[in-house]
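1. based on what follows, work out the 3D shape:
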Amino acid sequence: MALRWALGLLAVLLATMAAPARPALAHASLLGSEPADGVTVAQPPARLKLTFNEPVSPLIVRLIGPTGAASTPAVTAENNTLTITPPELARGTHVLSWRVISADGHPVGGAVLFSVGAPSERPTAGVIATDPAVAKTIWEVRILIYVGLFLGVGGAAFVALMAQTRPLPARAEMLITIALALGLAATLFSIGLQGLDALALSIAQLWRGDTWRSGLATSYGWAAGLAVLAQFFALLALRLRHRLLARACGAGGLGCVGLALAASGHAATVEPQWLSRSVVFLHTVCIAFWLGSLMPLAAIVRDTKRSGGELAAFSRIIPLPLTVLIATGVYLAFIELDRADALWTTNYGIVLSIKLALVLWLLGLAAANRYVLVPRLIPNRTKPARRLATAIGTEAMLAVLILGTVASWRFTPPPRALIAAEPASIHFHGGKAMAQIEVEPVRARGAEVAIQVLDGEFHPLAAKAVTIFLSNRDAGIEPVRRDASSIGTPNWRIEDLRIPIAGRWKLRVDILVDDFDKETLEDDVLLSRAP
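-> Numbering: from 1, shown residues only. Here you go, the predicted structure:
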């Protein structure tokens, strides 16, 4: 039976790993740059600036000139802004290629193009990106880490805290030990992979010392250290025969699992961080306790020499952690999603939807076990025991699938991270009229647009109608028309303007001065995402 369990889990794991890796995506957003992307400046700027929506630390910054020559300028980081001191800039087009580490411990890169004097042929350089082989390996290794933390540490904690007699059946301890060994090796290996990702290096450069130093220097270094400590505690909990010490190690392992996942990641960086990290801690500990119970419970149920007291105690206790798990999960989904339709319109939401479907399936099986099979097991420990063990084994398979799905979040930014909350201020100046436009993204409600219409002398203009047209041909978005509502001369307003992607948009403003005179103002503008 133990062999079938091990082979079953391995088959699910390999099937999950065989899926193609997703490309690495950004977890921090670039709000703007000086000079702005795509502009031409008359004189070489003395300073270049990159402004992000959250604090970042620079990893790699390269400036590629018109001839293709690359330099590494000095960089100063202060809160959300990187200030770059460039060498003397020649006439022509330059590319500022950057790679930073965001607050959640995930690297992100990009490039800004600008010209001095006049545009020239663009240098052959682009975004400093993660090697696809590294990204795929990170995902595969993360699955093994989750197996070690949730099935291994959680299983050892269950044995230490819930088992009424020791030792457990050999099959249970063997599977838990295998999960811990895989997880521990994967955790140590992942530090080097984090360094490769940070520096955009290939797998062949894993041996370099700066690769491992870079991995440890990020917030993931703390998370990996806590994960190693969790698995060390779990191994002690399995081996110690002193019941009190074993329980202390089991509880310590569970606590370190919660701390490890609260130390870095998407949700942990949401303000206020004390609340978001606490919620992640509780969510993770409850998951580890629930999923970790599956392997030892299946072995206990099949052991007719045991009283079954562990199963009865677990059935009484499990509703509480499941309630906490659901409540914290709802909160985390709320802070990561900016709207309901993000569940099926964003990569992060799709992964979350798949996870939710698998979790509901798992909860359904758990409910059937709790209220149908467990009561039957009390008077008769033969046939119901076999059915219950099989059902719990199915739960374990689903748990591995859920862990494989969750591992995809390493490369899928939450919709919250794609929102640049900074408002955009735009000024259009025409012959007879001008418009001052303020675009402010609002969570889950698109953007609110305030338009002030003035005449050529900066006096309020009593226009009859104001209409805007927004298009992004590069993204295949044809002009979208929105009529503004007057809120008193010279102010107009548009609510719930949807901007599905951040980037450069063509904005046109039609101002109907009177029945026979219309002023049209248009230009390319940079807008934040406001879905």
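2. quickly list what Pro58 is bridged to.
-> Val100 (DSSP bridges).
3. residues contacting it?
-> 75, 77, 82, 98-100 (Cβ atoms under 8 Å, 6 or more residues apart in numbering). Any C-beta I mention is one placed from the backbone N, CA and C, and that applies to glycine too.
4. show me where the stretch 301-450 of the chain has its helices.
-> Using DSSP state H, counting those that start in this stretch, the helices found in the stretch 301-450 of the chain span residues 309-317, 319-336, 342-345, 347-368, 374-377, 383-406, 415-418.
5. quick one: which of those helices is nearest Ala217?
-> Set against Ala217 and scored by Cβ to Cβ, the helices of the stretch 301-450 of the chain come closest in helix 415-418, at 21.4 Å.
6. gap between the nearest residue to Leu229 once chain neighbours are set aside and Lys136?
-> Counting by Cβ to Cβ, 6 or more residues apart in numbering, Leu229 lies nearest to Cys256, which is 4.8 Å off, once chain neighbours are set aside. Distance of Cys256 to Lys136, given as Cβ to Cβ, to the nearest Å: 28 Å.
7. how about Ser120?
-> Using Cβ to Cβ, Ser120 is found at 37 Å from Lys136.
8. repeat for Val324
-> Val324 is 34 Å from Lys136, by Cβ to Cβ.
9. hang on, isn't Gly32 packed against Leu526?
-> Yes - in terms of Cβ atoms under 8 Å, Gly32 counts as a neighbour of Leu526; the distance is 6.8 Å.
10. list the contacts of the residue nearest to Ala465 when sequence neighbours are not counted.
-> Distances taken as Cβ to Cβ, 6+ apart place Leu512 nearest to Ala465, at 4.0 Å, with adjacent residues excluded. Going by Cβ under 8 Å, 6+ apart, Leu512 touches 463-467, 518.
11. per-residue confidence at Leu512?
-> Listed pLDDT for Leu512 reads 90.
12. now swap in Glu457 and tell me
-> At Glu457, pLDDT is 79.
13. the helix or strand hosting Trp505: how far from the chain's middle?
-> If you go by DSSP states H and E, Trp505 is part of strand 503-514. Offset of strand 503-514 from its chain centre (Cα atoms, centre = their mean, to the nearest Å): 35 Å.
14. buried set for that strand?
-> For strand 503-514, burial by neighbour count (16 or more other Cβ atoms under 10 Å) applies to 505-511, 513.
15. what's the answer for stretch 198-218, then?
-> In stretch 198-218, counting by 16+ other Cβ under 10 Å, buried: 198-201, 206, 211-212, 214-218.
16. mean confidence for that stretch?
-> Rounded mean pLDDT across stretch 198-218 is 89.
17. and the contacts of it?
-> Contacts of stretch 198-218 (Cβ under 8 Å, 6+ apart): 59-60, 99, 101, 105, 107, 109, 128-131, 133-134, 137, 190-196, 221, 224, 264.
18. ChimeraX command for the buried members of these?
-> One line in ChimeraX is enough to select the buried ones among those; burial here means 16+ other Cβ under 10 Å:
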select :59,60,99,101,105,107,109,128,129,130,131,134,137,190,191,192,193,194,195,196,221,224,264
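19. out of the helices of the stretch 301-450 of the chain, which gets nearest to Leu50?
-> helix 415-418 (16.5 Å).
20. what is the mean pLDDT for the closest one?
-> Rounded mean pLDDT across helix 415-418 is 63.
21. still on that earlier bit, closest to Glu522 among the buried residues of strand 503-514?
-> Arg508 (3.9 Å).
22. now do that closest one against Phe469, distance only.
-> Distance from Arg508 to Phe469, by Cβ to Cβ: 4 Å.
23. overlap of the contact sets of those two?
-> Pro479.
24. which parts of the stretch 151-300 of the chain are helices?
-> So, for the stretch 151-300 of the chain - with DSSP H, counting those that start in this stretch - the helices run 154-162, 170-199, 209-217, 219-239, 243-263, 273-292, 294-302.
25. which of the ones you listed sits most buried?
-> Stretch with highest mean neighbour count among those: helix 154-162 (a mean of 28; mean count of other Cβ atoms under 10 Å).
26. and that one, what does it pack onto?
-> If you count contacts as 3 or more Cβ pairs under 8 Å, 6 or more residues apart in numbering; DSSP states H and E, helix 154-162 packs onto helix 170-199, helix 219-239, helix 243-263, helix 273-292, helix 294-302, helix 309-317.
27. so how far is stretch 114-134 from its chain's centroid?
-> The answer for stretch 114-134 is 26 Å, by Cα atoms, centre = their mean.
28. so Gly430 touches Asp523, yeah?
-> No - under the criterion of Cβ under 8 Å, Gly430 makes no contact with Asp523, lying 10.8 Å away.
29. pLDDT weak spots in the stretch 301-450 of the chain?
-> 303-308, 338, 370, 372-386, 388-389, 416-422, 443-445 (pLDDT under 70).
30. Thr72: what's its closest spatial neighbour, skipping adjacent residues?
-> Arg62 (6.1 Å).
31. swap in Leu236?
-> Cys249 is the one closest to Leu236 (Cβ to Cβ, 6+ apart), at 4.3 Å.
32. which residues does that neighbour contact?
-> Applying Cβ under 8 Å, 6+ apart, the residues contacting Cys249 are 160, 233-234, 236-237, 240.
33. need those residues in JSON lines with pLDDT and distance to Asp455, can you?
-> Shown next, in JSON lines, are those (pLDDT from 0 to 100; distance: Cβ to Cβ, whole Å):
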{"residue": "Ala160", "pLDDT": "89", "distance to Asp455": "78"}
{"residue": "Phe233", "pLDDT": "96", "distance to Asp455": "73"}
{"residue": "Ala234", "pLDDT": "95", "distance to Asp455": "73"}
{"residue": "Leu236", "pLDDT": "94", "distance to Asp455": "78"}
{"residue": "Ala237", "pLDDT": "92", "distance to Asp455": "77"}
{"residue": "Leu240", "pLDDT": "87", "distance to Asp455": "83"}
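34. what is the nearest of those residues to Val153?
-> Once Cβ to Cβ is applied, the member of the contacts of Cys249 that ends up nearest Val153 is Ala234, at 4.2 Å.
35. who's Ala435 bridged to?
-> Where Ala435 sits in a bridge, its partners, by DSSP bridges, are Phe428, Val453.
36. what about it, how many neighbours?
-> 24 (other Cβ atoms under 10 Å).
37. now do Asp483
-> 11.
38. can you tell me the closest non-neighbouring residue to it?
-> Nearest to Asp483 is Thr467, by Cβ to Cβ, 6+ apart, at 5.2 Å.
39. residue contacts, that neighbour?
-> 481-484, 509-510, 512.
40. per-residue confidence for it?
-> 94.
41. what's the distance between the residue nearest to Leu236 and Gln231?
-> 11 Å.
42. kindly report the same for His459.
-> His459 sits 71 Å away from Gln231, going by Cβ to Cβ.
43. Gly393 now?
-> Computed as Cβ to Cβ, the Gly393 to Gln231 distance reads 23 Å.
44. then Pro73?
-> Where Gln231 is concerned, Pro73 sits at a distance of 42 Å (Cβ to Cβ).
45. ok, Ile60 next?
-> Distance from Ile60 to Gln231, by Cβ to Cβ: 32 Å.
46. with Lys49 instead?
-> From Lys49 to Gln231 the distance is 43 Å (Cβ to Cβ).
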